[in-house]
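Chemist: With the input below, show me the fold.
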Amino acid sequence: MHNTAETDFNTPVHPLSEHQLSRLKQAVNDLNTEQLTWSSGYLAGLGAKPLPAARTETVPVMTILFATQGGNARSVAEALASAATDRGFETRIVAADDYRPRDLVREKLLIAVISTQGEGDPPESAHEIFRFLNGKKPPRLEQLKYCVLGLGDSSYDLFCKAGRDLDHRLQQLGAVPLVDRIDADVDFQALTQGWYEQILKNADNLLPSGQARVIPLLRDIPGTRRHDRNHPYRSEVLDVRTITTPDARSAVHHLVLGIDIDSLVYQPGDSLGVHFHNDPSLVREILDLAGLTGEEPVDLSGETATLAESLGRRLELTQLHPSVVTRWAEHTENAELQTLASDLNKLRSFAGTRQFIDLLRAYPGHIGATELVKLLQPLQPRLYSIASSQSAFEDEIHLTVSTLQFQAHGRNHLGGASGYLTKRIEAGDAVDIYIVENRGFRLPQDQDAPIIMVGAGTGIAPFRAFLQERELQTGGGRNWLMFGNRHFHRDFLYQTDWLRYRKTGLLNRASVAFSRDGEPGTYVQNRLMEEGAEVYRWLQDGAHLYVCGGIEMEKAVQQTILKIARDQGSLTQETAVEYIEDLRTQGRYQRDVY
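Modeler: Residues are numbered from 1 along each chain as shown. Reported below is the predicted structural model:
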């Protein structure tokens, strides 16, 4: 693990036994600077105050398990853990990929916060838990009381499916819900406070009568707050430049953001959450259509601001949510729109191809400032794969951002975050950001292990970070890049980087597919199939396979790998599926899809 702080244990005099010193070394070996700082404060606090009496075994530990793709589940889990600790509960918060599924048989009280990705799939980090629960001989869990919070987006067909599947399976195995499952939409933060209270109230009933609470000794240690979506880091923009030609269908930009190495730590494979502002011209047009000035005072989560400020920085304008269409249909009492909103499939299709401005233009109506604020969804930060390694650029974060721009419904449309990052900011400006760990998309710990990286479009970003990291490692693992885009001359992203790595020998193989050049319709999955024998040899040699890009691309790649396994390994369809599952279980097939 890079960026690990060095700790000197060679001091000649210390009060620890050799065994204790060895265990301490192991415990801090992979901690970064921020984590070491927190740990030192924690240990100092333990040394300064007497420890509380141990709980009796009759009091269940509250295990809070989170499985996240974009970081939201983690933030909810941490907030619940804080509230539970303040109430005197003994809590254990754990990421799904750090959890041993067989420990479920020993749990008494489990709170699961899980997001849904792709087409109803659980996050990669929860793959092994789901596989365990749905295996041939899953354990009975009658001793377990649990609850599930599912996070998702109701604009997708399989809304919160991962949470629903987990809830259903736990009940099948005999576990008893502590509270009913909640399926939270994109505005999940509005639901969570009441959910915390309901859980803690019901959990109170599990404590023995008269049991004394354990009040936490240590709360917030000064200077150790983690930057997250609610506490972002203010970063300076160092560079914004275009890396495609002017005639490329989509303009792609390379951004460089400055960071303080003591404040933000990231690894190759992580993503960056970006808070952005809506286009002021779009805000003005919406105000005009709604018959409002923008100076009207409104309340958002207990804070008062003008309507224009709220539309610019706090409310979602460029991703039209189906619930907004439904509420606007009710507000305007437009029969045509009400009919459309009553058909869920048509509603999702309508919302998926429009922005809020299109709704106002097609179905005009006046609305008060307060009602407009209640109508819209909160503005959500956007996530981008980090295109740099902190080992190579310790005080920078690089992003690869494609400008979403299209003509539809009688007007030009611009993506909210991509428009902000590529058209409305420049060097010297500041952007609010936070790191989103993606522990399910990591380089092998074995630096000699070969890797195959498959990316399309801006899905190339994390592989730039991977190769920067591997260039500085001492291992000799082979590296194979497969990249796809439209045109060789227009949008071969980071071409000079790949040529340099080929020249130095770091990049052992490179396979490209440009779907609008030469052979029409040639994509990365076609290149995979063409080189199937070599792909299979690499996998048999222990290669780790990484895929980054759109959902449809990843599905096509997975089907291609299945076919390669069948053809090259003489496997049946069933054993080929098991082969892919084994790769995932071993952490050798990792995906970052959007």
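
Chemist: Which parts of the protein belong to which domain?
Modeler: According to the domain assignment given by automatic domain parsing, the chain is divided into the following structural domains: 1-51, 62-204, 233-276+381-436, 280-375, 451-593.

Chemist: Name the nearest residue to the residue nearest the centre of the chain, ignoring sequence neighbours.
Modeler: For the chain, the residue whose C-alpha lies nearest the mean C-alpha position (Cα atoms, centre = their mean) is Gly70; its distance is 1.8 Å. Counting by Cβ to Cβ, 6 or more residues apart in numbering, the nearest residue to Gly70 once its immediate chain neighbours are dropped is Leu383, at 5.3 Å. C-beta here means a position set from N, CA and C on the backbone, and glycine is covered the same way.

Chemist: My guess is that neighbour contacts Gln117. True?
Modeler: No - with contacts counted by Cβ atoms under 8 Å, Leu383 stays clear of Gln117, the gap being 11.6 Å.

Chemist: Just the buried residues of the helix or strand where Ile286 lies, please?
Modeler: Under DSSP states H and E, the secondary-structure element containing Ile286 is helix 280-290. Neighbour-count burial for helix 280-290, with 16 or more other Cβ atoms under 10 Å as criterion, is recorded at 282-283, 285-287, 289-290.

Chemist: ok so, going back, the residue nearest to Gly70: neighbouring residues, count only.
Modeler: The burial count assigned to Leu383 is 19, neighbours taken as other Cβ atoms under 10 Å.

Chemist: going forward can the numbers begin at 41, since that is how I track them
Modeler: From this message on, residue numbering opens at 41, which makes the last subject Leu423.

Chemist: how far does stretch 541-549 stretch from start to finish?
Modeler: Counting by Cα to Cα, to the nearest Å, you get 10 Å between the two ends of stretch 541-549.

Chemist: If we go by neighbour counts, what in that stretch is buried?
Modeler: 541, 546-547, 549.

Chemist: Looking at the buried residues of helix 320-330, which is nearest Gly497?
Modeler: Closest approach to Gly497 among the buried residues of helix 320-330 (Cβ to Cβ): Leu322, at 25.2 Å.

Chemist: out of all of them, which strand in this structure is the longest?
Modeler: Taking DSSP state E as the criterion, the chain has its longest strand at strand 273-282.

Chemist: That one pairs with which strands, and in what direction?
Modeler: strand 292-298 (antiparallel), strand 470-476 (antiparallel) (DSSP bridges).

Chemist: in what helix or strand does His529 lie?
Modeler: For His529, the element it lies in under DSSP H and E is helix 528-531.

Chemist: Kindly tell me how buried the residue nearest to Asp537 when sequence neighbours are not counted is, as a neighbour count.
Modeler: Computed as Cβ to Cβ, 6+ apart, the closest residue to Asp537 that is not its neighbour in sequence is Arg504, at 6.3 Å. Other residues near Arg504 come to 27 when the count uses other Cβ under 10 Å.

Chemist: swap in Arg127?
Modeler: Every residue meeting other Cβ under 10 Å relative to Arg127 is counted, giving 18.

Chemist: got it, and Ser428?
Modeler: By other Cβ under 10 Å, 24 other residues sit near Ser428.

Chemist: Many thanks, I have nothing further to ask.
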